[in-house]
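[1] predicted coordinates and the sequence they were generated for:
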Amino acid sequence: MMSVWPFSQWGMDILGPFPPAKGQLKFLLVAIDYFTKWIEACPLAKITTENVQKFTWKNIICKFGIPHTLVTDNDRKFIIQGFEDFLRELGIKHLLTSVEHPQTNG
């Protein structure tokens, strides 16, 4: 996938669990802009839909504006109704990668 404008299309994924760090941080939530390859990341103790939504707001929308598209895998934290509603209210198109081809997302 390619983007024609900087910060208009982002890919997001969850990495971990890793060995716990200070504060029991063991997951990494990562977003990458498809055009510039700019990376935003945040260590988390646990992954919740609320944490994903806060990360999207603080690290993408507040810094770079509302993107046109967000690409994620089919993880429950990305496809739960609350997160879908959050994206829909902001007019962000949510694309899901194929289960058979997860490397589509970055």
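    Yep, it's here.
[2] next, the buried residues of the helix or strand where Lys63 lies.
    Secondary structure assignment for Lys63, by DSSP states H and E: helix 62-64. Using 16 or more other CB atoms under 10 Å as the test for burial, helix 62-64 gives Phe64. C-beta coordinates here come from the backbone N, C-alpha and C atoms, glycine included.
[3] centre of the chain to the host helix or strand of Leu29, how far?
    Remark: Leu29 resides in strand 27-33, with elements defined by DSSP H and E. Distance, stretch centre to chain centre, for strand 27-33: 6 Å (CA atoms, centre = their mean, to the nearest Å).
[4] so what secondary structure elements neighbour that strand?
    Strand 27-33 sits against strand 9-15, strand 39-44, helix 49-55, with contacts defined as 3 or more CB pairs under 8 Å, 6 or more residues apart in numbering; DSSP states H and E.
[5] dump it to PDB, keeping only the CA atoms.
    Below are the C-alpha coordinates for strand 27-33, written out as PDB (Å, rounded to 0.1, in the frame of the first residue of the first chain):
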ATOM      1  CA  PHE A  27       3.800  -4.300  24.900                       C
ATOM      2  CA  LEU A  28       4.600  -1.700  22.200                       C
ATOM      3  CA  LEU A  29       1.900   0.000  20.200                       C
ATOM      4  CA  VAL A  30       3.400   1.200  16.900                       C
ATOM      5  CA  ALA A  31       2.100   3.300  14.100                       C
ATOM      6  CA  ILE A  32       3.900   4.100  10.900                       C
ATOM      7  CA  ASP A  33       3.000   6.700   8.200                       C
END
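[6] perfect, I'm done here.
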